[in-house]
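S.K.: Would you be able to build a 3D model of this:
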Amino acid sequence: MQEKPTRRATQAGITPGERVRLMAMIILLVLVGGVFFKVVKNLPGPPGEDVDTTAEPERPMKVERHDVSTQLSAELLSDIRDRNTEEMAVWDQKPYQALLETAGRLIDDDERFGKFEQVPAAVLRENPSAYRGQAIQVQGELLDLREQVGPEVIEYRGHLRDDDGVVWTFATRRRAPAVEPGQRAWIRGFFYKLFWDTAPEDDTIYDRSPYLVGRTLQRGYPVIEPVDELTPEIFAMVREDSDAETLVDHSRFLEPVPYQSLLSYVKQLTDEEKQTTEFTRIQGLELLREPERFRGQPVELFGRLEYLRQVYEPIPSIDQDYVYRGLLVNTKRKPEFVVFLDKPAARQGDLATVRGYFFKKYGYDTQGRTADTAFNIAPLIVAVEAERFVTPEDKSMLYVTAFVGLAALIITALFFFFGLRERQRSKKMRETYLDKRRGRRLPSEPPTATS
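M.R.: Below you'll find the model as predicted:
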């Protein structure tokens, strides 16, 4: 008896050809997935550093912005009077409190009310009403400072002599640490009025003194000689007390002479000197552990430049009023503060290699998931340059994409090949089967004459 051909396509549910195609597809998909995972996992990073992506960076506390523009209405400012001595000596209390409240909510680089400009006192005296409530900044020698304790807030009032010899009157909600009379200081705030006032000690009369209402009285920088060499004596005044009672004060404060000296040194560096200087690649944690060892030394840091902004910081010795302050988050998700004299090549959000000189451990506040704040310290670097770190990620992804496309073509070709082969095989089996069936149905040959 002749056997019938098996019908695996209908009885077993899968043919040998389909099984081969399925196995080929699985193997190719596994290969593609393995190659993709290996390429992505091994994307080149900074030499000798592993990126920790599990921890959140310790970012400085953000300052909430408030909508206080309505407090600077023209109607409110029109109540201010300073046309004569009698009006200058009178406090216009309501607009003054509104200006003080508005200035107290500013942040250092807040320019919602216009760019802070250095307007000469002579211009203000000529037409004070035209500049009422305008954003103004002034710097000079701090003559006196007194604290006014009110029922709700504390104010700091005093007088400052600008570089033209004009005495300004000011009021602020805050004062920077260690700012004292006789030192240089600066204020950013709003022009209130021309004021008639007297000195608190010797009753010196300040007539038609421009009155500025600001946020914080900041300590300025004295004029020093250009620095072309960094010596240990320059950093002798830098303090980083670890005592709990003084740590906050000294770590938050940038000592004017050493800090300005370092800025002056970086300012005068030539391109050739920047190229030939050997910058030591280092982690920020090492700088915090041994600050005395690395102070004033050329170092190289790597991380993501998560913050970069131009801020007003008048530095008379290098004839510069603005610097760029940045926050570099390293591969361990720890922050490092960076000061640039000029806008760096790296942009905010870029991976960057920052080369510069370590200055000190700098204190800042962080705010977690709760409302409580915590005090932290991070290294502060005066940067020479920030080189944008371009990873070969794009090229690797092109390779992966090309490989996946090639694998897809191979899988399609295999499906087509095995499908065509299976159809030919099935057709041949069907023809063979039909031929055999036709052969069994043929009638027997008639007997011959000799039978």
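
S.K.: Can you give the distance from stretch 411-426 to the centre of its chain?
M.R.: Relative to the centre of its chain, stretch 411-426 is centred 57 Å away, using CA atoms, centre = their mean, to the nearest Å.

S.K.: Kindly format the C-alpha coordinates of stretch 375-383 as CSV.
M.R.: Taking C-alpha atoms only, stretch 375-383 is exported to CSV below (Å, rounded to 0.1, in the frame of the first residue of the first chain):
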residue,chain,number,x,y,z
PHE,A,375,23.1,74.1,53.7
ASN,A,376,25.7,72.6,51.3
ILE,A,377,29.1,73.5,50.0
ALA,A,378,30.5,73.1,46.4
PRO,A,379,33.8,74.1,44.8
LEU,A,380,33.9,77.4,43.0
ILE,A,381,36.1,77.7,39.9
VAL,A,382,37.1,80.8,38.0
ALA,A,383,37.1,79.4,34.5
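
S.K.: residues in contact with it?
M.R.: 58, 247-248, 251, 254, 259, 262-263, 266, 284, 287-288, 291, 299, 301, 326, 328, 334-340, 344, 354-366 (CB atoms under 8 Å, 6 or more residues apart in numbering). Placement of C-beta: from N, CA and C, glycine included.

S.K.: same thing but 7 Å
M.R.: 58, 248, 251, 262-263, 266, 284, 287-288, 299, 301, 335-340, 344, 354-366 (CB atoms under 7 Å, 6 or more residues apart in numbering).

S.K.: Same check on stretch 90-104?
M.R.: Residues contacting stretch 90-104 (CB under 7 Å, 6+ apart): 68, 71-72, 76-77, 79-81, 133, 171, 173, 189-190, 192-193, 213-215.

S.K.: Drop anything exposed from these.
M.R.: Buried members of those, counted by 16 or more other CB atoms under 10 Å: 68, 71-72, 76-77, 80, 133, 171, 173, 189-190, 192-193, 213-215.

S.K.: if you look at the residues you listed, which of them are in helices?
M.R.: Leu76, Leu77 (DSSP state H).

S.K.: related to what we said a few turns ago, mind checking which of the contacts of stretch 375-383 land in strands?
M.R.: Among these, the members falling in strands (DSSP state E) are 299, 301, 335-340, 354-366.

S.K.: need the contact list for Leu263.
M.R.: If you count contacts by CB under 7 Å, 6+ apart, then Leu263 has Ile315, Ile318, Leu341, Val382 around it.

S.K.: Make a ChimeraX selection of whichever of the contacts of stretch 375-383 turn out to be buried.
M.R.: A single ChimeraX command selects the buried members of the contacts of stretch 375-383 (16+ other CB under 10 Å):
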select :58,251,262,263,266,284,287,288,299,301,335,336,337,338,339,340,344,354,355,356,357,358,359,360,361,362,363,364,366
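
S.K.: so where do the strands sit in the stretch 351-451 of the chain?
M.R.: Taking DSSP state E, counting those that start in this stretch as the test, the strands found in the stretch 351-451 of the chain are 351-367, 373-388.

S.K.: how about a markdown table for those strands, with mean pLDDT and distance to Ile224 added?
M.R.: Shown next, in a markdown table, are the strands of the stretch 351-451 of the chain (pLDDT from 0 to 100; distance: least, CB to CB, whole Å):
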| stretch | mean pLDDT | distance to Ile224 |
| --- | --- | --- |
| strand 351-367 | 88 | 16 |
| strand 373-388 | 88 | 15 |
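
S.K.: would you turn those strands into CSV with distance to Gly220?
M.R.: Output for these, formatted as CSV (distance: least, CB to CB, whole Å):
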stretch, distance to Gly220
strand 351-367, 18
strand 373-388, 18
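
S.K.: And the ones you listed: which comes nearest Glu306?
M.R.: Closest approach to Glu306 among the strands of the stretch 351-451 of the chain (CB to CB): strand 351-367, 10.3 Å.

S.K.: Between strand 373-388 and the closest one, find me the angle.
M.R.: 170 degrees (axes from the mean of the first three to the mean of the last three CA atoms, to 10 degrees).

S.K.: if we can go back for a sec, which one of the strands of the stretch 351-451 of the chain lies nearest to Val166?
M.R.: strand 373-388 (32.6 Å).

S.K.: Can you show me the helices along this protein?
M.R.: Counting by DSSP H, the helices of the chain are 8-11, 16-41, 74-77, 85-88, 93-104, 121-126, 247-251, 256-267, 271-276, 284-289, 291-294, 393-441.

S.K.: tell me, how many neighbours does Thr276 end up with?
M.R.: When counting by other CB atoms under 10 Å, one arrives at 8 neighbours for Thr276.

S.K.: For it, list the residues it contacts.
M.R.: Contacts of Thr276 by CB under 7 Å, 6+ apart: none found.

S.K.: distance of it from Ser261?
M.R.: Distance, Thr276 to Ser261, by CB to CB, to the nearest Å: 22 Å.

S.K.: mind listing which of the buried ones among the contacts of stretch 90-104 are in strands?
M.R.: Ala171, Arg173, Gly189, Phe190, Tyr192, Lys193, Val213, Gly214, Arg215.

S.K.: Could you tell me which ranges of the stretch 51-200 of the chain sit under the pLDDT cut-off?
M.R.: 51-73, 106-115, 150-152 (pLDDT under 70).

S.K.: again, only this time at 90
M.R.: Where the stretch 51-200 of the chain drops to pLDDT under 90, the residues are 51-119, 129-137, 139-140, 146-155, 163, 173-180, 182-184, 186-190, 196-200.

S.K.: before we move on, what about the stretch 301-450 of the chain?
M.R.: Using pLDDT under 90, the stretch 301-450 of the chain drops low at 307, 309-322, 330-333, 362-377, 389-450.

S.K.: Taking the centroid of the protein, which residue is nearest it?
M.R.: Taking CA atoms, centre = their mean as the criterion, Tyr307 is the residue nearest the geometric centre of the chain, at 1.4 Å.

S.K.: So that residue is in contact with Gly326, correct?
M.R.: Yes: contact status for Tyr307 versus Gly326: in contact at 5.9 Å, counting by CB atoms under 7 Å.

S.K.: residues in contact with Leu341?
M.R.: Per CB under 7 Å, 6+ apart, neighbours of Leu341: Leu263, Val266, Lys267, Gln320, Val323.

S.K.: Which residue, neighbours along the chain excluded, lies closest to the residue nearest to the centre of the chain?
M.R.: Nearest residue to Tyr307, sequence neighbours excluded (CB to CB, 6 or more residues apart in numbering): Leu327, at 3.7 Å.

S.K.: What's the local residue count around the one you found?
M.R.: 21.

S.K.: Which residue or residues pair with it through a beta bridge?
M.R.: Tyr307, Phe337 (DSSP bridges).

S.K.: Quickly note the distance from it to Phe416.
M.R.: Taking CB to CB, one finds Leu327 at 56 Å from Phe416.

S.K.: follow-up on the earlier one: now the contacts of Leu263 as TSV including distance to Gly165?
M.R.: Listed next are the contacts of Leu263 as TSV, based on distance: CB to CB, whole Å:
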residue	distance to Gly165
Ile315	21
Ile318	23
Leu341	29
Val382	32
